[in-house]
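Enquirer: would you be able to build a 3D model of this:
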Amino acid sequence: MRLRLVLLTLPFALLLAPAPASAISHACRTLPATVSLSSSDPTILRDDPQAIVRAKRGARLDDVRVTLLRKGRRYATGLLTGRLAQGRIAIPLRLDAGRRVGAGTYRLVVSATRAGCPRASAARTWRFGTPSLPVRAAPISTLVSDNRGGVTLLLRSVDRQPVSGVRVSLLNDRGETVAQTTHAGAFTGQVTIDLPLAGTLTPGSYTLRVTGRSGGGSSVSEQKLAFAPGASQASETSTTATTGLIAQHATIDWSDGAWQGREVAGFVAPGIGYGEIVCRPDAQWIRFYPNDLNREVAMMNWTYKDWTENTEKAIREADHTIFTGKDFREGLNKFGPAEKLSTGQFDGLISDRGGFGVPAPTDLAAPTSLKLTWQWDFSRAGAERCHVDATFITQSLSSDLPPLARSGSIAWRGSDAASGHDATAFAIPGVGTVNIACSAAPLGPRAISIDVPFGGTVTTREGSDDTARPQDMGPVNADLPNNGMLFVTLADGTRLILSSRWKVNDPDPAQNSCFVAAQAIVGA
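Expert: Have a look, this model is predicted:
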């Protein structure tokens, strides 16, 4: 009886066994896909590690894997689970921490499965040149009228590698130097560089050349920049406040597919870090670099996205924790590859949450608020366009002159640390006082109260819901959302934005926490 059962099941077992190579159809033997990297410069690959995979002949590929190899050793891997959308897509790569890509010849392999076929692969040779100087630049704006008298750039070192002896030159399309400056000393993060101009910056293509020393030797980095006619609020950028706030404006603007050199704009969150906005056909995001990699930093946004087929409202939070890398990002896109048409808006706060594991930090930097809008059209190759406008505001205590911003924060980890650190208050000159409480007690107060004689409207945004509630008289009060944001508009025009994340019901009280950041803005 047992022998008969084995014989009956044997054909089914044979059906499950892998087919021999000779049985695989000719159409399945070759993967219909091509693969490339973001650059043949190892420095740029380290800064933006991604592979570009394109499915050929309308093929539908599943579970795409990319591997970068040299002499049998793996240097980078990437994985996209699920179905690869038709066309071109960028796949993030994880670089091997123990091996650094240098000059030489490598093997780049892409593999995937598809309906009716086993996993197959395609490969190519990829040659890297000598690594460039580990410095990348982001202008505040690439519109000429925003750069009257000089071009303001944010220089940052790739992977925080020390860089010194920097000379920065801006060359026009004829190779002539139109602006030049130097930076004294070394830096490992980000510095602001002003390139003074003797005349008017004309629209066109430029090359930014940066020379310096890093890793014991001298090297050069070259980066394309392009400036277009027009102006935006970026010309009002102020890093030395003469009022009660520091306002920064960043702009990206390009069309007719000409994104090279115009796809990035930089900004600073004083005391917290620095970042870049990127918009090009294969990347759309805010990327943020904390100053101190031993501190938690969060960027919470209320997001609105419209990609013509549908819309979405949602709270999104990106953060730097002990488990993340040297930077973090929040995408403007909903899908990958990005939707062909998109408009949207971010309203958010970038906040400092203190050192990793510190129960009750008292050295928190003031939060920076952001308002960012975008519009892009990637529907026709060679005619793509993108426009992004962003404003970043941070308080300045050097003046009480309007416009001004004032802010406050709460941060505690573990219920035992909450006592004495679960409330804060700050005054808004000429308006009133903001009081915030975030108790560790399950029934304790977690609320905001603005001590003003007049009323206002409180909008609570949590998950994908936003609810507005007008209040006729002061004080203006609201409960803190568990994981969300408050937007308050007072009758006199004062605006307040608050981000809130708290947990007080964990069986282990040491796992409870509260993080609140708030900023009020008057006259802006």
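
Enquirer: neighbours of residue 370, how many?
Expert: If you count neighbours by other Cβ atoms under 10 Å, residue 370 ends up with 24. Quick note: C-beta positions are derived from backbone N, CA and C, even for glycine.

Enquirer: buried stuff in the helix or strand containing it?
Expert: In the assignment (DSSP states H and E), residue 370 maps to strand 368-377. By neighbour count with 16 or more other Cβ atoms under 10 Å, strand 368-377 contains the buried residues 368, 369, 370, 372, 374, 376.

Enquirer: list the neighbouring strands of that strand plus their orientation.
Expert: If you go by DSSP bridges, strand 368-377 pairs up with strand 341-355 (antiparallel), strand 385-395 (antiparallel).

Enquirer: what mean pLDDT would you report for it?
Expert: Averaged over strand 368-377, pLDDT sits at 98.

Enquirer: could you do stretch 403-422 as well?
Expert: Confidence for stretch 403-422, expressed as mean pLDDT, is 97.

Enquirer: distance between the ends of that stretch?
Expert: End-to-end distance for stretch 403-422: 29 Å, by Cα to Cα, to the nearest Å.

Enquirer: list the buried residues of that stretch.
Expert: Neighbour-count burial for stretch 403-422 flags 404-415, 417-418, 421-422 (criterion: 16+ other Cβ under 10 Å).

Enquirer: now, which of those residues lie within strands?
Expert: Residues of those located in strands (DSSP state E): 404, 405, 406, 407, 408, 409, 410, 411, 412, 413.

Enquirer: who touches the first one in this structure?
Expert: By Cβ atoms under 8 Å, 6 or more residues apart in numbering, the residues touching residue 404 are 243, 244, 245, 395, 396, 429, 521, 522, 523, 524.

Enquirer: next secondary structure element downstream of the least confident helix or strand in the chain by mean pLDDT?
Expert: Across the helices and strands of the chain, the lowest-confidence element by mean pLDDT, DSSP states H and E is helix 2-16, at a mean of 39. Moving toward the C-terminus from helix 2-16, the next helix or strand (DSSP H and E) is helix 26-29.

Enquirer: what mean pLDDT does that next one get?
Expert: On average, helix 26-29 scores 78.

Enquirer: report the distance from that helix to the chain centre.
Expert: Distance, stretch centre to chain centre, for helix 26-29: 41 Å (Cα atoms, centre = their mean, to the nearest Å).

Enquirer: quick one: buried residues of it?
Expert: Buried residues in helix 26-29, defined by neighbour count with 16+ other Cβ under 10 Å: residue 28.

Enquirer: what segments of the stretch 1-150 of the chain are strands?
Expert: Remark: strands assigned in the stretch 1-150 of the chain by DSSP state E, counting those that start in this stretch are 33-37, 50-55, 61-70, 73-84, 88-92, 94-95, 104-114, 117-128, 135-139, 150-157.

Enquirer: number of residues surrounding residue 313?
Expert: 15.

Enquirer: Provide a list of residues in contact with residue 490.
Expert: Residue 490 sits next to 431, 450, 452, 454, 455, 456, 476, 496 when contact means Cβ under 8 Å, 6+ apart.

Enquirer: okay, now the last one: neighbour count?
Expert: This points to residue 496. 26.

Enquirer: what do you get for the fifth one?
Expert: Residue 455 has 16 neighbouring residues, counting by other Cβ under 10 Å.

Enquirer: that one falls within a strand, correct?
Expert: Yes - assessed by DSSP: H, G, I helix; E, B strand; the rest coil, residue 455 belongs to a strand.

Enquirer: which pLDDT value goes with it?
Expert: Here the pLDDT value assigned to residue 455 is 96.

Enquirer: same check on the first one?
Expert: Turning to residue 431, the model gives it a pLDDT of 96.

Enquirer: so the residue nearest to residue 182 when sequence neighbours are not counted versus residue 218, what's the distance?
Expert: The shortest distance from residue 182 to any non-neighbouring residue, by Cβ to Cβ, 6 or more residues apart in numbering, is to residue 167 (5.0 Å). The gap separating residue 167 from residue 218 is 11 Å, by Cβ to Cβ, to the nearest Å.

Enquirer: mind listing the shared neighbours of those two?
Expert: 211, 212.

Enquirer: ok, residue 256 - how many residues close by?
Expert: 9.

Enquirer: and what about it, helix, strand or coil?
Expert: Quick answer, by three-state DSSP: residue 256 is coil.

Enquirer: contact partners for it?
Expert: 382, 383, 384, 385.

Enquirer: can you say which of those are buried?
Expert: Neighbour-count burial (16+ other Cβ under 10 Å) is assigned, among these, to 384, 385.

Enquirer: now render the contacts of residue 256 as CSV, adding secondary structure.
Expert: Formatted as CSV, those follow (three-state DSSP):
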residue, secondary structure
382, coil
383, coil
384, coil
385, strand
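
Enquirer: mind putting the contacts of residue 256 into TSV with distance to residue 140?
Expert: As requested, the contacts of residue 256 are exported to TSV (distance: Cβ to Cβ, whole Å):
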residue	distance to residue 140
382	28
383	27
384	23
385	20
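
Enquirer: I'd say residue 390 and residue 370 touch.
Expert: Yes - contact criterion Cβ atoms under 8 Å: residue 390 and residue 370 qualify, at 6.3 Å.

Enquirer: picking up where we left off before, of the strands of the stretch 1-150 of the chain, which stretch is the most buried?
Expert: Compared across the strands of the stretch 1-150 of the chain, strand 135-139 shows the largest average neighbour count, a mean of 24 (mean count of other Cβ atoms under 10 Å).

Enquirer: what is the orientation angle of it with strand 150-157?
Expert: Strand 135-139 runs at 140 degrees relative to strand 150-157, counting by axes from the mean of the first three to the mean of the last three Cα atoms, to 10 degrees.

Enquirer: so what's residue 305 closest to, chain neighbours aside?
Expert: residue 344 is the one closest to residue 305 (Cβ to Cβ, 6+ apart), at 4.2 Å.

Enquirer: list the contacts for that neighbour?
Expert: 303, 304, 305, 306, 332, 373, 374 are the contacts of residue 344 under Cβ under 8 Å, 6+ apart.

Enquirer: what about the fifth one, how many neighbours?
Expert: Spelled out, that is residue 332. By other Cβ under 10 Å, the residues close to residue 332 number 24.

Enquirer: the second one now?
Expert: For residue 304, the tally of surrounding residues (other Cβ under 10 Å) stands at 16.

Enquirer: my read is residue 510 is in a helix, agree?
Expert: Yes - under three-state DSSP, residue 510 sits within a helix.

Enquirer: quick one: residue 370 and residue 351 touch, right?
Expert: No - counting by Cβ under 8 Å, residue 370 does not reach residue 351; the two are 11.1 Å apart.

Enquirer: still on that earlier bit, any chance of the buried residues of strand 368-377 in CSV, with distance to residue 470 too?
Expert: CSV is the format used below for the buried residues of strand 368-377 (distance: Cβ to Cβ, whole Å):
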residue, distance to residue 470
368, 28
369, 23
370, 26
372, 27
374, 30
376, 35
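
Enquirer: what's the most distant pair in those residues?
Expert: 368 and 376 (24.7 Å; Cβ to Cβ).

Enquirer: how about stretch 451-464: buried residues?
Expert: Within stretch 451-464, the residues that count as buried by 16+ other Cβ under 10 Å are 451, 452, 454, 455, 456, 458, 459, 460, 461, 462.

Enquirer: quick check: residue 291 vs residue 186, distance?
Expert: 16 Å.

Enquirer: low-confidence ranges, the chain, go.
Expert: 1-25, 85-87, 232-241 (pLDDT under 70).

Enquirer: how is it carved up into domains?
Expert: Residue ranges for the domains of the chain, per automatic domain parsing: 31-128, 132-230, 404-522.
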